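no sequence for this one, just the structure:
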């Protein structure tokens, strides 16, 4: 589910659009669509307050969220479904029956501010909760991401905020709470290496080529990551430890190329430290036999 929010001066309100749940993920449950609507309404009413609109907001449920835990980073490729687990504590009023079929809650993550999110991602299904007292529960839910359904733009990579929401289908009351945690949504990276010639005489030149690429969420293909520092590393044949030989940068297409002198048998690899938008990655070592 994608909520692509656009700030527009239309009657002084925030214009929000939420795409429908992809047919491949529709399972007869309306939770995902209802959760997306709740987040959109929360943003819309926050914007309305700032423009002195008299629009009425849904009544808030007596529910709050705390102790939220989410992975430090979520790595998303070009087409494959990715999910990440979120846990949190739900606190509710004595009059809120969290076991009712009319009650649902779950986590969500958003890019930008909750009042004006650039994008929102949710779970396909509501969270499951186990009561720990008459007014608290320990809950666990998922964030489900489908890059092949255009849920992400490349510019969405980076830091996202996490929140929790609760719905009452019977009364249409809801609670949306943000700022509970952070995670990085990253474009999956790939790194290759090839050292040649093989075998090579001692003292001769070895040319080491490779490529650093990452997921392009808009074309659903991998494309070169340009102008990035990458380390060329080497380990001797009977060693388990790589040492850095030099650092070079990828060119305008993400390619790498450098030369070294052959000395002993061993493995060459490229190593990328990663950025906030792209995870670290090491190429599989390429063995060179030195004669």
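Noted; the coordinates are in hand. Note that this is a predicted model, so its numbers are computed, not measured.

which residues touch residue 198?
287, 288, 289 (C-beta atoms under 8 Å, 6 or more residues apart in numbering). Where C-beta positions appear, they are placed from N, C-alpha and C, glycine not excepted.

most neighbours, which of those?
residue 288 (23 neighbours; other C-beta atoms under 10 Å).

Quickly list what the residue nearest to that residue when sequence neighbours are not counted is bridged to.
In space, not counting the residues next to it along the chain, residue 288 is nearest to residue 195; the distance is 5.0 Å by C-beta to C-beta, 6 or more residues apart in numbering. Assessed by DSSP bridges, residue 195 has beta-bridge partners residue 208.

count of neighbours near residue 195?
For residue 195, the neighbour count with other C-beta under 10 Å is 23.

Okay, helices next: where are they in the chain?
When assigned using DSSP state H, the helices of the chain occupy the ranges 31-50.

what's the residue closest to the geometric middle of this protein?
Geometric centre of the chain, nearest residue: residue 185, 2.3 Å, by C-alpha atoms, centre = their mean.

Let me know the distance separating that one from residue 128.
For residue 185, the distance to residue 128 equals 24 Å [C-beta to C-beta, to the nearest Å].

got any ranges where the stretch 101-250 of the chain has weak pLDDT?
The model of the stretch 101-250 of the chain has no residue with pLDDT under 70.

Residue 81 is in contact with residue 146, correct?
Yes - contact criterion C-beta atoms under 8 Å: residue 146 and residue 81 qualify, at 5.5 Å.

Tell me which of the two has more neighbours.
residue 146 (22 against 15).

Give the bridge partners for residue 214, please.
Bridge pairing for residue 214 - DSSP bridges - gives residue 189, residue 223.

again but with residue 164, I slipped
With DSSP bridges as the rule, residue 164 is bridged to residue 107, residue 177.

My understanding was that it contacts residue 174; is that so?
No - using C-beta under 8 Å, residue 164 is not in contact with residue 174; the gap is 11.3 Å.

still on that earlier bit, for residue 280, see how far away the residue nearest to residue 288 is.
Taking C-beta to C-beta as the measure, residue 195 falls 21 Å from residue 280.

do the same with residue 65
Using C-beta to C-beta, we find residue 65 at a distance of 31 Å from residue 280.

picking up where we left off before, could I get the contacts of residue 198 as a markdown table with distance to residue 214 and pLDDT?
Putting these into a markdown table (distance: C-beta to C-beta, whole Å; pLDDT from 0 to 100) gives the following:
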| residue | distance to residue 214 | pLDDT |
| --- | --- | --- |
| 287 | 26 | 98 |
| 288 | 27 | 98 |
| 289 | 32 | 98 |
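
can you tell me which of these lies nearest to residue 258?
residue 288 (14.0 Å; C-beta to C-beta).

beta partners of the closest one?
Under the criterion used here (DSSP bridges), residue 288 is bridged to residue 266.

Was I right to think it contacts residue 200?
Yes - assessed by C-beta under 8 Å, residue 288 is found in contact with residue 200 at 6.2 Å.

what residues are shared contacts of these two?
Joint contacts of residue 288 and residue 200 (C-beta under 8 Å, 6+ apart) are 206, 262.

Phi, psi for residue 100 please.
phi -70, psi 150 (degrees, to the nearest 10).

so how many other residues sit close to it?
11.

Return the distance of it relative to residue 168.
8 Å.

now swap in residue 63 and tell me
Counting by C-beta to C-beta, the gap from residue 63 to residue 168 is 9 Å.

cool, and residue 90?
14 Å.

which residues in the stretch 1-150 of the chain form strands?
All strands of the stretch 1-150 of the chain, identified by DSSP state E, counting those that start in this stretch, fall at 3-10, 13-18, 63-70, 73-76, 82-92, 103-112, 117-122, 128-133, 136-145.

looking just at contacts, which helices and strands does the shortest one meet?
Judged by 3 or more C-beta pairs under 8 Å, 6 or more residues apart in numbering; DSSP states H and E, the packing partners of strand 73-76 are strand 82-92, strand 136-145, strand 174-187.
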